[in-house]
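Visitor: Fold the following, please.
(one chain, ligands or ions: 1)
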Amino acid sequence: MRRGTRGGGRRHSNDERCDGSEQRRSHHRHGSHVGERASVPYVSQTIRVVDVPFLDLRAQHAPLREDLLAAIEMLIDTSEFTIGPTVVEFEQQYAAFCRRKFCVGTASGLDAIRLALVAAGIGRGDEVIVPALTFVATFEAVTQAGATPVPVDISDLDYGLDATAVAAAVEPRTRALLPVHLYGQLADMSRLVEIAQARELVVIEDAAQAHGATRDGRSPGEGTRAAAFSFYPGKNLGAMGDAGAVVTDDEDVAAGVRRLREHGQSGKYRHETIGWTSRLDAVQAAVLRCKLPHLNGWNEERRRIAASYSDRLNGLGDIALPPTPPGSEPVWHLYVIRTAAPARLAAYLQQRGIQTARHYPEPPHLTAAYAHLGYSHGRFPVAEALASQCLSLPIFPTMRDAQVDAVCDGIAAYFAHG
Ligand SMILES: Cc1ncc(COP(=O)(O)O)c(C=O)c1O
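Guide: Numbers count the residues shown, from 1 in each chain. Here you go, the predicted structure:
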């Protein structure tokens, strides 16, 4: 992602993605594997630098190649390309992974949120509280459901919705809360659910970045109406294209999403409501089934890398490390540090062959797409400060220790003489 491009509503391409990875470009430039650079003109001659892509999906897929090909070949044989055994089996497996009763696959994460909102009865005239810093899809889902997103500031303690601010923001038109588990860490769901129960609000979770995360022993979709996931390729569990899913313990919501994803029909040509075409593609379900058994291991690797970063970067320059409240077990979809001049640090690291990204440099309420909501600069100070200071460091399960070292050494060098 380049700065500002997502805010304008442009759909991400293969090499400019919502998770900031620049997979194709890095491969073209550096070959298929990360390697040592012979010389880097802008940094000290004595430093040997290791190339570090923001994300390396090819390294993730290489050991799975045979399994993936076999799964796709099987689909060619069965030719069940929409909702059939492959989709149903993945849904059952992902529901079990999430410890939820139901999983309903959708065409994308955005659709998963939108369909969950609509299935839960949210629509025209309703207001939905959303965090002021998130990927724009959170806002889009609310708008596309016919409701109005009402941003509320985030907390510096976890970067999720600030529960105290939420309690103060609830108004008669507020019908739902849509917390986002930003960067792979759950928002303070215990407090948010308490507030929602007291005010009779629906809670739908945007868990697009939080596959496998828990907080206070709670997982997404537990004690709420539903949680929505994205399987965009760069996510902790990623498809080979677009895909998403709703997980829920609520049978009515599951049935509603099932109808809505397929033209509002409850049986062949029995259209009960107006729906969409948003089924989970069977090819994507086949890919996700191959990858799901690896997800816990990949999340563990992310945790190991995050711990290493936190250890090595603590106290360097003006860096603020990501907050992790007690009881939180994030899955580190992103490792986001804060610094006063993130673009300058990013440019310095880029010259050493290290790719970084920004999540997100422009909060949705300040984008052109949401200017009509009428919020100005300064309205959500915590979210806006994070947006101006955030820098996402490379983190992916196949990242080598030498690459982590290169990132930490690069940041240390920047603060020493950058
Ligand atoms: C927080 C958040 N919400 C929603 C989405 C939308 O997911 P998708 O791109 O699969 O539609 C994403 C992913 O890009 C996301 O990171």
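
Visitor: Tell me how many other residues crowd the closest residue to the ligand within the chain.
Guide: The ligand sits closest to residue 109 of the chain, with a gap of 2.5 Å, by Cβ to the nearest ligand atom. Where C-beta positions appear, they are placed from N, C-alpha and C, glycine not excepted. Residues near residue 109, counting by other Cβ atoms under 10 Å, number 28.

Visitor: cool, and residue 97?
Guide: Using other Cβ under 10 Å, residue 97 is surrounded by 18 other residues.

Visitor: Just to check, it is in contact with residue 293?
Guide: No: using Cβ atoms under 8 Å as the test, residue 97 is too far from residue 293 to be in contact (9.5 Å).

Visitor: Helix or strand next in line after the helix or strand bottoming out on mean pLDDT in the chain, which one?
Guide: Ranked by mean pLDDT, DSSP states H and E, the weakest helix or strand in the chain is helix 23-30, scoring a mean of 34. Following helix 23-30 in sequence order, the next helix or strand is helix 57-61 (DSSP states H and E).

Visitor: Need the CA coordinates for that next one. PDB is fine.
Guide: Output of helix 57-61 as PDB, limited to C-alpha atoms (Å, rounded to 0.1, in the frame of the first residue of the first chain):
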ATOM      1  CA  LEU A  57       3.900 -15.600   0.600                       C
ATOM      2  CA  ARG A  58       6.000 -17.600  -1.800                       C
ATOM      3  CA  ALA A  59       8.100 -19.000   1.100                       C
ATOM      4  CA  GLN A  60       4.800 -19.900   2.900                       C
ATOM      5  CA  HIS A  61       3.400 -21.700  -0.200                       C
END
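
Visitor: Enumerate the positions of that helix that are buried.
Guide: 57, 59, 60, 61 (16 or more other Cβ atoms under 10 Å).

Visitor: Could you dump the residues you listed into JSON lines with distance to the ligand added?
Guide: Putting the buried residues of helix 57-61 into JSON lines (distance: Cβ to the nearest ligand atom, whole Å) gives the following:
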{"residue": "57", "distance to the ligand": "15"}
{"residue": "59", "distance to the ligand": "21"}
{"residue": "60", "distance to the ligand": "18"}
{"residue": "61", "distance to the ligand": "19"}
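
Visitor: just checking, residue 301 touches residue 397?
Guide: Yes: counting by Cβ under 8 Å, residue 301 does reach residue 397; the two are 4.0 Å apart.

Visitor: So these two - more neighbours on which side?
Guide: Neighbours were counted for residue 301 and for residue 397 using other Cβ under 10 Å; residue 397 has more, 20 against 17.

Visitor: would the more buried one count as being in a helix?
Guide: No: using DSSP: H, G, I helix; E, B strand; the rest coil, the secondary structure at residue 397 is coil, not a helix.
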